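Asks: quick one, what's the 3D model for this:
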Amino acid sequence: MALPPPSPRKLSHTRTVVYQGFDREDGLWDIEAELTDVKSFTFKVPNERAFPADEPIHGLKIRVTLDDKMVIQDIATSMDNIPHAECTGAPHGMHKLIGCTMGPGWRKVINQHVGGTDGCTHLREMLSNMATAAYQTLPAGQWMRREVAGVAQPEITKQPFFLGQCHSWALNSPTVQRAFPMFYKPKVTGLA
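Replies: Got it, this is the predicted structure:
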């Protein structure tokens, strides 16, 4: 299902965001995010220097180290490209997230610790979506660790958090019926 053809246009801005999950040898997990913003033309922030076309205005990185329960053990940031010298102070409170859990309420946790002027909009955006990268990394990685070690996979007795959170994982969907039949709930139809 391709997008419909666009109106005539020219590229103005590209934001690239990459998330990666790593299985560490020490048993922990690293989730990394990298954000880059570039314009297709020379861009000048008022009263700042000009940014030539294709030179990053933002070049930001975050590494969050998690344990098996998604508790943050460490966090590191890099701001290689920034539009203002003052941006270097934005990550000063990131260490406040150490000990917090990536899970339900994660966006609220981010805002409590590094929200508003206590942080950086772009770093918060990256942190917010790092949770989904962590959810893609840890459960499958933990499964693979058990497979490699020859350890039996645990019986699934608790409904996975993602069931009921999107169309394909609706409790009455064929996807849930196939993958997690024990949590499948058929759609109730009207009685005749």
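Asks: give me the contacts around the helix or strand where residue 107 lies.
Replies: Taking DSSP states H and E as the criterion, residue 107 maps to helix 106-114. Helix 106-114 is contacted by residues 93-94, 96-97, 100-101, 119-120, 123-124, 127-128, 131 when judged by CB atoms under 8 Å, 6 or more residues apart in numbering. (C-beta placed from N, C-alpha, C; glycine too.)
Asks: so which of those is the most crowded?
Replies: Most neighbours among the contacts of helix 106-114, by other CB atoms under 10 Å: residue 127, with 26 neighbours.
Asks: just give the closest residue to it, not the sequence neighbours.
Replies: residue 110 (5.2 Å; CB to CB, 6 or more residues apart in numbering).
Asks: could you measure from the one you found over to residue 69?
Replies: Counting by CB to CB, to the nearest Å, the separation of residue 110 from residue 69 is 18 Å.
Asks: which one of these two has more residues nearby?
Replies: For residue 110 versus residue 69, neighbours defined as other CB under 10 Å are more numerous around residue 110 (23 against 9).
Asks: what about stretch 122-139, distance to the chain center?
Replies: Centre-to-centre, stretch 122-139 and its host chain are 2 Å apart (CA atoms, centre = their mean, to the nearest Å).
Asks: may I see the buried residues of that stretch?
Replies: 122-127, 129-131, 133-135, 137-138 (16 or more other CB atoms under 10 Å).
Asks: same question for stretch 167-184.
Replies: 169, 170, 173, 176, 183, 184.
Asks: residues contacting that stretch, please?
Replies: 156, 159, 160, 162, 163, 164, 185, 186, 187.
Asks: so which of those is the most crowded?
Replies: Busiest of the contacts of stretch 167-184 [other CB under 10 Å] is residue 163, holding 18 neighbours.
Asks: host element of it?
Replies: Using DSSP H and E, no helix or strand contains residue 163.
Asks: okay, the residue nearest to it when sequence neighbours are not counted and residue 180: tell me how far apart.
Replies: Leaving out its chain neighbours, the residue that sits closest to residue 163 by CB to CB, 6+ apart is residue 169, at 5.2 Å. Going from residue 169 to residue 180 by CB to CB gives 9 Å.
Asks: for the helix or strand bottoming out on mean pLDDT in the chain, which strands pair with it and how are they oriented?
Replies: Least confident helix or strand, the chain: strand 43-44 with a mean of 90, by mean pLDDT, DSSP states H and E. Sheet pairing here is set by DSSP bridges, and for strand 43-44 it gives strand 50-51 (antiparallel).
Asks: averaged pLDDT, the strand it pairs with. What do you get?
Replies: Taken as a whole, strand 50-51 has a mean pLDDT of 93.
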